[in-house]
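Novice: What follows is a protein structure lacking sequence information:
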């Protein structure tokens, strides 16, 4: 098996979730239903479909966890925080530079 990551589109993910929810009563277990949906849609692993279903359940409030919106907000805030730290480091370096320049005796 290769280590190449396959990206599936949001439409395929939504379809897989919908298919699982509709077909779940016809199977003895979640795993059986997830396997069937993955095979029908040509998804490489059942685990991918399981994760999409769990994410959809969390986003819909049927399962505890952090929603996709909250995850996106945390990611955005972390990116913003890193940017502000870089800017702060630049400003500190500049203030040290100018403080040294001001302390030099005039020529």
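Specialist: Thanks, I have the structure now. Keep in mind the model is a prediction, meaning the values are calculated, not measured.
Novice: element containing residue 89?
Specialist: Under the criterion of DSSP states H and E, residue 89 resides in helix 68-103.
Novice: for the chain, what are the low-confidence residue spans?
Specialist: In the predicted model of the chain, residues 1-5, 106-107 satisfy pLDDT under 70.
Novice: Show me it divided up by domain.
Specialist: What automatic domain parsing lists as the domains of the chain is 1-65, 67-107.
Novice: Dump the ones you listed into CSV; add mean neighbour count as well.
Specialist: C-beta: built from backbone N, CA, C; applies to glycine. Formatted as CSV, the domains of the chain follow (neighbours: other C-beta atoms under 10 Å):
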stretch, mean neighbour count
domain 1-65, 14
domain 67-107, 10
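Novice: Next one: the residue lying closest to residue 69 once chain neighbours are set aside from residue 95, what distance?
Specialist: Nearest residue to residue 69, sequence neighbours excluded (C-beta to C-beta, 6 or more residues apart in numbering): residue 59, at 7.8 Å. Using C-beta to C-beta, to the nearest Å, one obtains 45 Å as the distance from residue 59 to residue 95.
Novice: can you check residue 26 too?
Specialist: In terms of C-beta to C-beta, residue 26 sits 68 Å off from residue 95.
Novice: quick one on the thing from earlier: which secondary structure elements does the helix holding residue 89 sit against?
Specialist: Using 3 or more C-beta pairs under 8 Å, 6 or more residues apart in numbering; DSSP states H and E, the elements in contact with helix 68-103 are helix 46-59.
Novice: Distance from the helix it packs on to the middle of the chain?
Specialist: From the chain centre to the centre of helix 46-59 is a distance of 13 Å (C-alpha atoms, centre = their mean, to the nearest Å).
Novice: Repeat that for stretch 85-92.
Specialist: The answer for stretch 85-92 is 28 Å, by C-alpha atoms, centre = their mean.
Novice: Stretch 75-84 too?
Specialist: Distance, stretch centre to chain centre, for stretch 75-84: 15 Å (C-alpha atoms, centre = their mean).
Novice: what's the answer for stretch 89-96, then?
Specialist: 34 Å.
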